[in-house]
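Participant: can't give you the sequence, but here's the structure:
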């Protein structure tokens, strides 16, 4: 993700587009993904109303699908003490497989483990342990959403460079202003240091950013190039906001009448990028409210695979939700107009 600004308030910083490099296969370094954002307004989105019933929709009496919550402080894996990276061969191998070997050449790197996550950096122990805690909780949340556990023996490195220059070296050209990314060829995440600083200091915790990025790292490897960016980023954002229990509005999308495309996420205008993420999240949340998380993830899993059917995203929406994209987007737009949107 790339932030349009660094302010905390909604009026000064609309969101943050974390170049989570996703979409061309596995979070490839060409698609931004949300990470650091301002604290949303206390006004949360109202229930969707007036929408056509989707066949088989699992909707509560209030009109919204049940959505389990995992408090940020709950279900934490035990966080270990820092150890030298040189003593952790499995973590070194995982980093090497990603191709980010420049990280391995830096002296004094330490590893803090929590579950199957390994946070790597030279920062103070408290900082590394807090990030490890967030990453472990985010991984558990993502596993709950996808229904697929991380395979035994797989370690997920979360790299924490010391400086922006180090981050830029790992990210490569065009991504040096991103908030974080996953290289797409291995389950691994890299976090931008100043963004993490702000997350730890602000009311907004690092859990949202880390959960968003780990979702990409776990699900985008080997993904079809035809997978729409709005789906890839929208579901990752749904995971990230879900873990912190946030359902607020972070960018004004009142005039949006169609789903964002890849070019919207690559826009040089940071507010346009923020709107692309907000619209993607909003549409995914709408799909969940109409038919529940299991159907969303079934749709996501088929869309991310190259299958013999080669169905288009529109055909997949029709197959899984009983309506084509045009109908669903029109209803989503109508539903949004019924919600209470804070003054940005």
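Facilitator: That came in fine, so what should we check first? Bear in mind the structure is a predicted one, so any value in this text is a computation, not a measurement.
Participant: C-alpha only now, for contacts and for neighbours.
Facilitator: OK.
Participant: quick one: stretch 215-230 to chain centroid distance?
Facilitator: Here stretch 215-230 is found 11 Å from its chain centre; the criterion is C-alpha atoms, centre = their mean, to the nearest Å.
Participant: what about the helices in the protein?
Facilitator: For the chain, helices defined by DSSP state H occupy the ranges 89-98, 125-146, 164-171, 193-201, 207-219, 229-243, 262-265, 270-291, 293-304, 313-321, 325-337.
Participant: In JSON lines: those helices, plus distance to residue 256, mean neighbour count and mean pLDDT.
Facilitator: Listed next are the helices of the chain as JSON lines, based on distance: least, C-alpha to C-alpha, whole Å; neighbours: other C-alpha atoms under 10 Å; pLDDT from 0 to 100:
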{"stretch": "helix 89-98", "distance to residue 256": "37", "mean neighbour count": "17", "mean pLDDT": "95"}
{"stretch": "helix 125-146", "distance to residue 256": "27", "mean neighbour count": "23", "mean pLDDT": "94"}
{"stretch": "helix 164-171", "distance to residue 256": "31", "mean neighbour count": "18", "mean pLDDT": "92"}
{"stretch": "helix 193-201", "distance to residue 256": "28", "mean neighbour count": "17", "mean pLDDT": "87"}
{"stretch": "helix 207-219", "distance to residue 256": "23", "mean neighbour count": "29", "mean pLDDT": "92"}
{"stretch": "helix 229-243", "distance to residue 256": "13", "mean neighbour count": "26", "mean pLDDT": "93"}
{"stretch": "helix 262-265", "distance to residue 256": "12", "mean neighbour count": "19", "mean pLDDT": "88"}
{"stretch": "helix 270-291", "distance to residue 256": "8", "mean neighbour count": "25", "mean pLDDT": "93"}
{"stretch": "helix 293-304", "distance to residue 256": "22", "mean neighbour count": "18", "mean pLDDT": "93"}
{"stretch": "helix 313-321", "distance to residue 256": "18", "mean neighbour count": "17", "mean pLDDT": "89"}
{"stretch": "helix 325-337", "distance to residue 256": "8", "mean neighbour count": "18", "mean pLDDT": "93"}
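Participant: Looking at the ones you listed, spot the one closest to residue 255.
Facilitator: Nearest to residue 255, of all these, is helix 325-337, at 8.8 Å by C-alpha to C-alpha.
Participant: tell me the angle that closest one makes with helix 313-321.
Facilitator: Here the directions of helix 325-337 and helix 313-321 differ by 70 degrees (axes from the mean of the first three to the mean of the last three C-alpha atoms, to 10 degrees).
Participant: Remind me what helix 325-337 packs against, helices and strands.
Facilitator: helix 270-291, helix 313-321 (3 or more C-alpha pairs under 8 Å, 6 or more residues apart in numbering; DSSP states H and E).
Participant: Is it possible to get JSON lines of those helices that adds distance to residue 95?
Facilitator: Formatted as JSON lines, the helices and strands packed on helix 325-337 follow (distance: least, C-alpha to C-alpha, whole Å):
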{"stretch": "helix 270-291", "distance to residue 95": "28"}
{"stretch": "helix 313-321", "distance to residue 95": "33"}
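Participant: Looking at those, which is nearest to residue 234?
Facilitator: helix 270-291 (4.2 Å).
Participant: Which one, of the helices of the chain, ends up nearest to residue 155?
Facilitator: Here helix 89-98 is closest among these (C-alpha to C-alpha), at 6.7 Å.
Participant: Report the distance from that closest one to the chain centre.
Facilitator: That offset, for helix 89-98, works out to 23 Å (C-alpha atoms, centre = their mean).
Participant: can you check stretch 177-192 too?
Facilitator: 11 Å.
Participant: So for it, first residue to last residue, what's the gap.
Facilitator: Chord length of stretch 177-192, first to last residue, is 9 Å (C-alpha to C-alpha, to the nearest Å).
Participant: again, but for stretch 256-273
Facilitator: So stretch 256-273: terminal residues 13 Å apart, C-alpha to C-alpha.
Participant: chain center to that stretch, what's the gap?
Facilitator: That offset, for stretch 256-273, works out to 16 Å (C-alpha atoms, centre = their mean).
Participant: now stretch 229-239
Facilitator: That offset, for stretch 229-239, works out to 6 Å (C-alpha atoms, centre = their mean).
Participant: sorry, back to before: want to throw the helices of the chain into a markdown table with distance to residue 109?
Facilitator: Listed next are those as a markdown table, based on distance: least, C-alpha to C-alpha, whole Å:
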| stretch | distance to residue 109 |
| --- | --- |
| helix 89-98 | 11 |
| helix 125-146 | 11 |
| helix 164-171 | 13 |
| helix 193-201 | 15 |
| helix 207-219 | 20 |
| helix 229-243 | 28 |
| helix 262-265 | 33 |
| helix 270-291 | 33 |
| helix 293-304 | 35 |
| helix 313-321 | 43 |
| helix 325-337 | 47 |
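Participant: wait, which of these is closest to residue 154?
Facilitator: Distance to residue 154, taken as C-alpha to C-alpha, is lowest for helix 89-98 among the helices of the chain, at 8.4 Å.
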